[in-house]
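1. how does the following fold in three dimensions:
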Amino acid sequence: MNKLVAILTVLIICTVSANAQPEGSSYKTAIGVKFYPGAITLKHFTRTNRALEGLAYFWEDGFRFTGLYEIHGDINGAPGLKWYVGPGAHIGFWSDKWKDRWPDRDNKVALGIDGVLGLDYKIKGAPLNLSIDWQPSFNLIGYSYFESGWGGFAIRYTFK
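-> The predicted structure is shown next:
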């Protein structure tokens, strides 16, 4: 599945590269990959300090889609660097392999709420954005539990 994520990301970037944002320390939309556990990420600003981010995670145990609403704020003295925080939700579908490892969890669907806390940096003069964040989540439907291990490092290609 990781090869599929990489191939899809490269194809999307190549397809829309004519609209790339060449300069500046802000962006409107960005697409890329997030490392751990591995996701395609799409981030779009609805206002200068509000963004929506969609994450599609793929791994051997299944698939998970997470949607986040992010509030961004500037960091004084650090052009292009912003902090962000916000709520979200997720839905996941687990494979038979996951079920074999966790036989007491009889539901293959997970639904829950998420939070996010992170830093976002737009590289000036290049159509690249980097971010690092922590995404704690709580599964409400399926198997109820708190998960503190989501989040990671993202590299995105930015657009106007």
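
2. helices and strands of this protein: which one bottoms out on pLDDT?
-> Counting by mean pLDDT, DSSP states H and E, the chain has its least confident helix or strand at helix 2-15, which shows a mean of 46.

3. next helix or strand past that helix?
-> Moving toward the C-terminus from helix 2-15, the next helix or strand (DSSP states H and E) is strand 29-35.

4. so which elements touch that following strand?
-> Based on contacts counted as 3 or more CB pairs under 8 Å, 6 or more residues apart in numbering; DSSP states H and E, the elements that strand 29-35 packs against are helix 2-15, strand 39-47, strand 151-159. Heads up, the C-betas are built off the backbone N, CA and C, glycines and all.

5. show me what it pairs with in its sheet, parallel or antiparallel.
-> strand 39-47 (antiparallel), strand 151-159 (antiparallel) (DSSP bridges).

6. so of those, which one's packed in deepest?
-> strand 151-159 (a mean of 20; mean count of other CB atoms under 10 Å).

7. which other residues reach that one?
-> 13, 16-17, 19-21, 27-37, 39, 41, 43, 116, 118, 122, 127-135 (CB atoms under 8 Å, 6 or more residues apart in numbering).

8. now with 7 Å?
-> When contacts are defined by CB atoms under 7 Å, 6 or more residues apart in numbering, strand 151-159 is touched by residues 13, 19-21, 27-36, 41, 43, 122, 127-135.

9. quick one: buried ones out of those residues?
-> Buried positions within the contacts of strand 151-159, assessed by neighbour count (16 or more other CB atoms under 10 Å), are 13, 21, 27, 29-34, 41, 43, 122, 127-131, 133, 135.
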